[in-house]
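Novice: Quick one, structure for this:
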Amino acid sequence: MAKLALILAFVGLTACSATPDSVFIHGPDGRDHALSGDASWYGERFQGRKTASGEPFDAGDFTAAHRTLPFQTVVRVVDPATRKSVVVRINDRGPFTEGRVIDLSEAAANDLGMIERGVIPVTIDILEWGSK
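Specialist: I've put the predicted structure just below:
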């Protein structure tokens, strides 16, 4: 019986995976959220535009867009290659390019040293769940 439970748990974890390197977490909101993949960034071009949460985008704030994490969720984004990390608050939706899991503000991307690289692989640690 224990062996069957172990097999079912493994199948459940791998069934959600979009790629071999993807990591998902089942959140308190009942949804699965991608916690690894590629990060991109957006900046001045979107300055002042309304985000999906309703607040204006500020390229100098430490914010990010994620497809499913609740607004106001606070996450640590880590570049495994450099071990640099940045803490951001989710206030927007996106990215909508396959394989990308988070879009960082320009300030956050700058702290990670990814401005020139544009897109980098990252892992995401949830520090505090948002309520929306």
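Novice: switch to C-alpha atoms for all contacts and neighbour counts from now on
Specialist: Will do.
Novice: Which of the helices or strands spans the residue nearest the centre of the chain?
Specialist: Residue closest to the average C-alpha location in the chain (CA atoms, centre = their mean): Ile102, at 3.9 Å. Here Ile102 sits within strand 100-105, counting by DSSP states H and E.
Novice: quick one on the thing from earlier: across the sheet, point out what pairs with the residue nearest to the centre of the chain.
Specialist: On the basis of DSSP bridges, Ile102 is bridged to Ala39.
Novice: pretty sure it is touching Thr63, no?
Specialist: No. Judged on CA atoms under 8 Å, Ile102 makes no contact with Thr63 at a distance of 10.3 Å.
Novice: Which pLDDT value belongs to Ala2?
Specialist: Listed pLDDT for Ala2 reads 43.
Novice: now Gly27
Specialist: Per-residue confidence (pLDDT) for Gly27: 80.
Novice: same thing with Leu6?
Specialist: For Leu6, the pLDDT comes out at 34.
Novice: hang on, the earlier thing: C-terminal to the strand holding Ile102, what's the next element?
Specialist: Following strand 100-105 toward the C-terminus (DSSP H and E): helix 106-112.
Novice: after that following helix comes which helix or strand?
Specialist: Later in the chain than helix 106-112, the nearest helix or strand by DSSP H and E is strand 120-128.
Novice: partners of that following strand in the sheet?
Specialist: Strand 120-128 is paired, per DSSP bridges, with strand 36-42 (antiparallel), strand 74-79 (antiparallel).
Novice: which of those sits most buried?
Specialist: strand 36-42 (a mean of 23; mean count of other CA atoms under 10 Å).
Novice: now what about the helix or strand that that strand is followed by, what contacts it?
Specialist: Per DSSP H and E, the first helix or strand lying C-terminal to strand 36-42 is strand 63-65. Applying CA atoms under 8 Å, 6 or more residues apart in numbering, the contact partners of strand 63-65 are 88-95, 102-105, 108.
Novice: would you turn those residues into TSV with distance to Trp41 and pLDDT?
Specialist: Formatted as TSV, the contacts of strand 63-65 follow (distance: CA to CA, whole Å; pLDDT from 0 to 100):
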residue	distance to Trp41	pLDDT
Val88	12	98
Arg89	14	98
Ile90	13	97
Asn91	14	97
Asp92	12	97
Arg93	13	97
Gly94	11	95
Pro95	9	95
Ile102	8	96
Asp103	5	97
Leu104	4	97
Ser105	6	97
Ala108	8	97
